[in-house]
Each structure stands twice: as structure tokens, then as C-alpha cells.
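Peer 1: Task: produce atomic coordinates for the following.
(2 chains)
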Amino acid sequence: EAEVAQSPRYKITEKSQAVAFWCDPISGHATLYWYRQILGQGPELLVQFQDESVVDDSQLPKDRFSAERLKGVDSTLKIQPAELGDSAMYLCASSLGRLAYSETQYFGPGTRLLVL
Amino acid sequence: EDKVVQSPLSLVVHEGDTVTLNCSYEVTNFRSLLWYKQEKKAPTFLFMLTSSGIEKKSGRLSSILDKKELFSILNITATQTGDSAVYLCAVQIYGSSNTGKLIFGQGTTLQVKP
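Peer 2: Alright, predicted model coming up:
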């Protein structure tokens, strides 16, 4: 069964350092999402790509976060510099189409980030 | 502001019990409501609901949506210890560029004791 891949699974870093997370969506999925899930809360959308284009980054802290999906396949999310409040699970999800109809999003295993 | 609220936040039951999890929402441009199960890893998809009053069922789990009263319930009958998890409710709305966006609730943590 096809799955969303993410790496690393765990990351510990010191504040002010740079970190990067990678996501490979299910093959053929046009839409890719990055979510942040703080312990005890539901995931919150950070950025959404349709192919290589950003279609929603309204909740992305753009002073320190950046995301790219250069070839419309895999994606990288970067934080620079990391802050203590960035400690969370970062989830990547993908869905098949591009059109405005209801679709299921499939989630990867996540990257758990701890900032010290 | 779009909002999804789940209740209860946590629940402890014994094997064999039936549980009902609640999800209410206030959003603009509703598209669908989804339920996910999250163990100590990524959320896994359970149901997607788009129409009121039509029950979706998978084994011991079932869910229904009321678009007039803006809520959904997830029922689990004959609970097992393997049902222990966080259950997330998410509402999909029409986002920018005609794409879907998920607004998640805070989750209900279910613990099933032997």
C-alpha cells in the first residue's frame, strides 16, 4: 500500500539552529500539505502545495519558516532559526487531485521536533 | 473564525462498552467532515461525511453528520483495547484557489481498559 514518507522521524536541535524536514507524498498525488501538531492539540495547516505552487501559506510564520516543492513531487520544510515554541510534530499529508471536490488526505508518520 | 470543537476531551471505558464521540463546528464554506484515528504516529483515515443523515459504517465504528445542527458523532461499539487512541475530527473547507483545507479539532483521547 502506498504511503507518505517523511524523514527524519525525530530531530533534536538547539534554539537558533536550522532544521529541515523532508516529505515524499504518495506517487501521483498533486496536493501536498504540511501540518504542525503541538502536543494535546489537533494538527494545524502550515502550507499547502498544488503541484509545485503554494496555494495556502496563510498560517506559515514566514519570518522563520520556508517550504518548497520544486518539481511538484517531494517537499522540504525548513525552520531557521528554530525557537523553543517550535517543538511539535510536523506532519506531511497528500491528496490525489487538484479540483474542488472532497478528497481524503493521507498522512505520513511525522517528524517529532524537540528544540532545546 | 473557523472552529471545530470535540467532546469529551478524554474518556476512559472498559472493553465491551459503547462510546460516542462528538464533534461540532462553525466554519464558512463547509465541504466535508472527516474522522481520523491517531495512535502514537500519523492520523489514519476513518470516514468522510458530506451529506446529512447518512450513516457511514466500518465494522464496529459508525459516524453520522447533521449539517443543520453542525455536528457529527462517531460511535464505537464493543470497544477493544486496540481502540485506544486519539480520535480527531476535521472539517474540510473551500480554501484559496478552490482547494480544500482541513480545520482540526483538539481530539478526544480514548482509553479502553481490559
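Peer 1: What ranges does chain A have for its strands?
Peer 2: If you assign secondary structure with DSSP state E, the strands in chain A sit at A:5-7, A:10-13, A:19-24, A:31-37, A:44-50, A:53-56, A:65-68, A:75-79, A:88-95, A:106-107, A:111-115.
Peer 1: Looking at chain A, what residue ends up closest to chain B?
Peer 2: Distance from chain B to each residue of chain A (CB to the nearest CB) is smallest for A:Gly42, at 3.0 Å. Where C-beta positions appear, they are placed from N, C-alpha and C, glycine not excepted.
Peer 1: per-residue confidence at that residue?
Peer 2: A:Gly42 is assigned a pLDDT of 91 by the prediction.
Peer 1: With B:Phe45 instead?
Peer 2: Reading off the per-residue confidence, B:Phe45 sits at a pLDDT of 91.
Peer 1: Surely it is in contact with A:Thr104?
Peer 2: Yes: counting by CB atoms under 8 Å, B:Phe45 sits close enough to A:Thr104 to count as a contact (5.3 Å).
Peer 1: Give the bridge partners for residue 44, please.
Peer 2: Let's take chain A. Partner residues in beta bridges with A:Glu44: A:Arg36, with DSSP bridges as the criterion.
Peer 1: wrong one, chain B
Peer 2: Note on B:Thr44: beta-bridge partners B:Lys37, judged by DSSP bridges.
Peer 1: Kindly check the end-to-end length of stretch A:107-116 for me.
Peer 2: Using CA to CA, to the nearest Å, the end-to-end distance of stretch A:107-116 comes to 27 Å.
Peer 1: that older thread, turn the strands of chain A into a markdown table, columns for mean neighbour count.
Peer 2: Shown next, in a markdown table, are those (neighbours: other CB atoms under 10 Å in any protein chain shown):
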| stretch | mean neighbour count |
| --- | --- |
| strand A:5-7 | 17 |
| strand A:10-13 | 14 |
| strand A:19-24 | 19 |
| strand A:31-37 | 24 |
| strand A:44-50 | 21 |
| strand A:53-56 | 15 |
| strand A:65-68 | 17 |
| strand A:75-79 | 19 |
| strand A:88-95 | 24 |
| strand A:106-107 | 22 |
| strand A:111-115 | 19 |
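Peer 1: May I see those strands organised as JSON lines, with distance to B:Trp35 added?
Peer 2: Listed next are those as JSON lines, based on distance: least, CB to CB, whole Å:
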{"stretch": "strand A:5-7", "distance to B:Trp35": "22"}
{"stretch": "strand A:10-13", "distance to B:Trp35": "27"}
{"stretch": "strand A:19-24", "distance to B:Trp35": "23"}
{"stretch": "strand A:31-37", "distance to B:Trp35": "16"}
{"stretch": "strand A:44-50", "distance to B:Trp35": "18"}
{"stretch": "strand A:53-56", "distance to B:Trp35": "23"}
{"stretch": "strand A:65-68", "distance to B:Trp35": "27"}
{"stretch": "strand A:75-79", "distance to B:Trp35": "26"}
{"stretch": "strand A:88-95", "distance to B:Trp35": "15"}
{"stretch": "strand A:106-107", "distance to B:Trp35": "13"}
{"stretch": "strand A:111-115", "distance to B:Trp35": "23"}
